[in-house]
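>>> build me a structure from this.
(chains A and B)
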Amino acid sequence: MKTINTGLVARIEGHGNVRIELEGDDLRRIEMQVVEGSRFFETLIKGRPWYEVPSILMRICSICTADHNLAAIRGVENAFNVEVSAQTSLLRELLMHGSIMESHFLHIFFLALPDLLGFPSALHMKKYYPEELERGFRLKKLGNDVQRVIGGRAIHPEKSKVGGFTSLPTETQLANLKRRLMDAMTDAKLTVELILTRDYMEICRDDNVHSSLMPGANYDYFGDRILLDNTVHEVSRYRELLREESVGYSTAKRCISPSGAPIMVGSIARLNLIWDKLPPTAKEFYTMSGKFPSRNPMDNTLAQAIECIASIERCVEIIDELLSRGMKNEKSAEVKTKEGRGIGAVEAPRGTLYHEFEFDAQGRVRMCNVITPTAINTYDMEISLRVLVESMLREGFDEQEIKKRAEMLIRAYDPCLSCSAHVVRIRG
Amino acid sequence: MSRIRKVKIKIDDYQVLADPGETVLDVCRRLNVHIPTMCYNPLMDGERPGSCRLCIVAIGKGDRIYFREACKTPVRSGLEVHTYSKEIHLLRRDIVEFLLARHRRNCWDCPVSGNCPFVELCRDYDVELLTVCAECPLHGEDCLLSKGEVCLGPLTYFGCGASCTRQGQWCFGCRGLVPHQDIIKSAVEVYREKNIPLEAVVERMELFSYSSEVIEKFKKFAGVKE
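Predicted coordinates for the structure are as follows:
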């Protein structure tokens, strides 16, 4: 028996490795191991009052902070039946698009593009692709700046809280942001074109279930219904739809659909399921690429680039609407605590993120459950790895190449392994 | 009119010409050599109290080095001045600490509102005894404490630029609590003065510093029971 171990996969968020066991030329076992330490967030939030919940839970991640913040806020608001104003929901959508752009551009330019262009890291690209690298920095900064204007900080938005915002952006700030967003459109289009010129692996998966939230009229990242392939479910049933399991070799849980198939969430799943809601330019690129609907996880980078175009378009639309209404200096909605439970689901950059809380009558957390997108994706990643390694063994590739491509596949998923770690094992 | 003879002096090993009657601080200001000051104000021409002693510099060479206030030392021919060294840094640091010890630190009522020269000095000389309130622009009626919010500003290390309170969000104490007796005592006083329930403050402190000594001390001073 022979084992191939990739060691810690480089250029992903968090620590994880892939262990492949071979017997002769046959694959015996493949493990996607998440070796992050447990985070205990669901436990340490117990007993804390409701207004601290979003601030604590957004510190689960430092990339998609706004998403964790908004998911927690939505959970608390659902539990206490808080209604927010139209202006607040528009600002929240804007914050969300900022977070999506920041995370996607980070992955595209600095984590995935070196694979597509054949460099060991983004820094090595500087000599041959200086413009692309600069473009990446520019676009990521734009995503951060959207969050800075709406949320108050580039990460961990302190302004956004249950019921509304502590202070609002000025109209000048929004107008400046709109100008920069419109300038960034060319950069974003060039990004999609750059990815389309590159060839990458084809991994055909048809055994998994794609899932995302069902948005409203536009391609936004909030929703109260879950799409599981083409069936629609209420978000309150998420525990039945995502059966959580833990495995001994990994600190992350994994999710299995009711039919036993792995679930995939993220950009590809969203584009496959709700592509008809894309804004016009993004839809044009979606059809032009000719790759969608896709079952190939390697298309994730392309899907993210298309979503970024959609985000820029939506941001401009939202800012236009906000400016035409005029910014009203409104107070945040009043919260009356009561006993109850609430689920907040948002589409984070990497997929659907669920926060669920149960509060007592004083508004203190009695129970909390968080399912992060990467925790949903880990099982699907393992199956994809199995498909990849089996086909590579058939074609007789050597160990080095298998390691390299396995890492590339993991990176294409854009996992955020540190957020996914939940399991705690108690010895003794 | 006869030309005034210039005086040759050395500042940080550079040969400089100065007018007689100038002080070392004047020459340094003219040449953009940074020397921190608190009591010196160029608008009050001629008035030099020389009381803060922050402008201390090293004069002389070899074994014969004296520390003098730059604002009180007139130039003379052949003077050798060193404006920066490890010793000077430590001396100035001590001076900042002394100044701070005499300062009334009720920043929440201070009209300077976030542009405090002390904050800059403390940042430069690593003196850690200021709180978020020193950087926070809100004071008086605008202060979050006056609005009844449980803000941890009076207890938390400064250095973040008070980014949360500037946006209307109370301080979480994420930078850590200052374990200094005077600061904790004055914080207890301000919370009492603004009618903030001290139990609520303790609960909020537990968010980022669950088992810190500050909480124990705070409970002791505030008389909060478990």
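
>>> how about the residues of the stretch 151-300 of chain A by chain B?
Residues of the stretch 151-300 of chain A lying close to chain B by CB under 8 Å from any CB of the partner chain are A:152-153, A:158-159, A:161, A:166-167. Every C-beta, even on glycine, is put in place using the N, C-alpha and C of the backbone.

>>> so which pair among these is furthest apart in space?
A:R153 and A:K161 (13.2 Å; CB to CB).

>>> picking up where we left off before, and the buried ones among the residues of the stretch 151-300 of chain A next to chain B, selectable in PyMOL?
In PyMOL, this line selects whichever of those come out buried by 16 or more other CB atoms under 10 Å in any protein chain shown:
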select buried, chain A and resi 152+153+158+159+161+166
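
>>> pLDDT-wise, which helix or strand of chain B ranks last?
Between all helices and strands in chain B, the lowest mean by mean pLDDT, DSSP states H and E belongs to helix B:117-124, at a mean of 85.

>>> now that one, how far from the centre of its chain.
4 Å (CA atoms, centre = their mean, to the nearest Å).

>>> for the helix or strand following that helix, buried residues please.
Sequence order places helix B:132-135 as the next helix or strand after helix B:117-124, per DSSP states H and E. By neighbour count on 16+ other CB under 10 Å, the buried set for helix B:132-135 is B:132-135.

>>> between those, which is nearest chain A?
Chain A lies nearest to B:V132 out of these, by CB to the nearest CB, at 12.9 Å.

>>> my read: B:A222 touches B:A187, true?
No - between B:A222 and B:A187 there is no contact under CB atoms under 8 Å: 9.1 Å.

>>> once you drop chain neighbours, what's closest to whatever residue of the stretch 251-400 of chain A ends up closest to chain B?
The stretch 251-400 of chain A approaches chain B most closely through A:S332 (9.8 Å), counting by CB to the nearest CB. Among residues not flanking A:S332 along the chain, A:G164 sits closest, at 2.8 Å (CB to CB, 6 or more residues apart in numbering or on different chains).

>>> for the chain, give me the ranges with low pLDDT.
I'll assume chain A. A:422-428 (pLDDT under 70).

>>> please go with chain B instead
B:1-2, B:43-47, B:226.

>>> what about the closest residue to chain A within it, distance to A:G164?
Residue nearest to chain A within chain B (CB to the nearest CB): B:G168, separated by 3.5 Å. Computed as CB to CB, to the nearest Å, the B:G168 to A:G164 distance reads 11 Å.

>>> give the buried residues for the helix or strand containing A:L353.
In the assignment (DSSP H and E), A:L353 maps to strand A:351-359. Of all the residues in strand A:351-359, those buried under the rule 16+ other CB under 10 Å are A:351-357, A:359.

>>> then stretch A:38-49?
Buried, per 16+ other CB under 10 Å, within stretch A:38-49: A:39, A:41-42, A:45, A:48-49.

>>> residue 78: what's it in contact with?
In the absence of a named chain, this looks at chain A. A:342-344 (CB atoms under 8 Å, 6 or more residues apart in numbering or on different chains).

>>> my bad, the chain I had in mind was chain B
Per CB under 8 Å, 6+ apart, neighbours of B:G78: B:8-9.

>>> wait, a strand at it?
No - applying DSSP: H, G, I helix; E, B strand; the rest coil, one finds B:G78 to be coil, outside a strand.

>>> end to end, how far does stretch A:389-405 reach?
One end of stretch A:389-405 to the other measures 9 Å (CA to CA, to the nearest Å).

>>> distance from it to the middle of the chain?
For stretch A:389-405, the distance to the chain centre is 29 Å (CA atoms, centre = their mean).

>>> how about stretch A:73-91?
Chain-centre distance of stretch A:73-91: 21 Å, with CA atoms, centre = their mean.

>>> could you chop chain B up by domain?
If you go by automatic domain parsing, the domain ranges for chain B are B:7-93, B:105-222.

>>> buried deepest among these, which one?
Burial of these is given as mean neighbour count (mean count of other CB atoms under 10 Å in any protein chain shown); domain B:105-222 ranks first at a mean of 18.

>>> could you list which of the buried residues of stretch A:38-49 belong to helices?
A:41-42 (DSSP state H).

>>> show me what contacts the most centrally placed residue in chain B?
With distances taken as CA atoms, centre = their mean, the residue of chain B nearest its centroid is B:F118 (2.8 Å). Residues in contact with B:F118 (CB under 8 Å, 6+ apart) are B:96, B:99-100, B:103, B:130, B:134.

>>> quick check: longest helix of chain B.
helix B:86-102.

>>> how far off centre is the helix or strand containing A:F105?
Assigned by DSSP H and E, A:F105 belongs to helix A:86-105. From the chain centre to the centre of helix A:86-105 is a distance of 13 Å (CA atoms, centre = their mean).

>>> cool, stretch A:49-69 as well?
Distance, stretch centre to chain centre, for stretch A:49-69: 15 Å (CA atoms, centre = their mean).

>>> anything in that stretch near chain B?
Yes - shown here: stretch A:49-69 in contact with chain B (CB under 8 Å from any CB) through A:49, A:52, A:55-56.

>>> highest neighbour count among the residues you listed?
A:S55 (21 neighbours; other CB atoms under 10 Å in any protein chain shown).

>>> what's the end-to-end length of stretch B:119-139?
End-to-end for stretch B:119-139, by CA to CA: 16 Å.

>>> contacts for it, please.
Stretch B:119-139 has contacts (CB under 8 Å, 6+ apart) with B:36, B:38, B:54, B:89, B:92-93, B:96-97, B:100, B:105, B:107-111, B:113-114, B:116, B:118, B:143-144, B:152-162, B:165-166, B:171, B:175, B:178, B:180, B:183, B:187.

>>> then stretch B:61-75?
Under the contact criterion CB under 8 Å, 6+ apart, stretch B:61-75 has outside partners B:7, B:9, B:18-25, B:27-28, B:35, B:37, B:40, B:48, B:50, B:53, B:55-60, B:80-81, B:83, B:87-88, B:91.

>>> where exactly do the helices run in the stretch 301-428 of chain A?
For the stretch 301-428 of chain A, helices defined by DSSP state H, counting those that start in this stretch occupy the ranges A:373-394, A:399-412, A:417-420.
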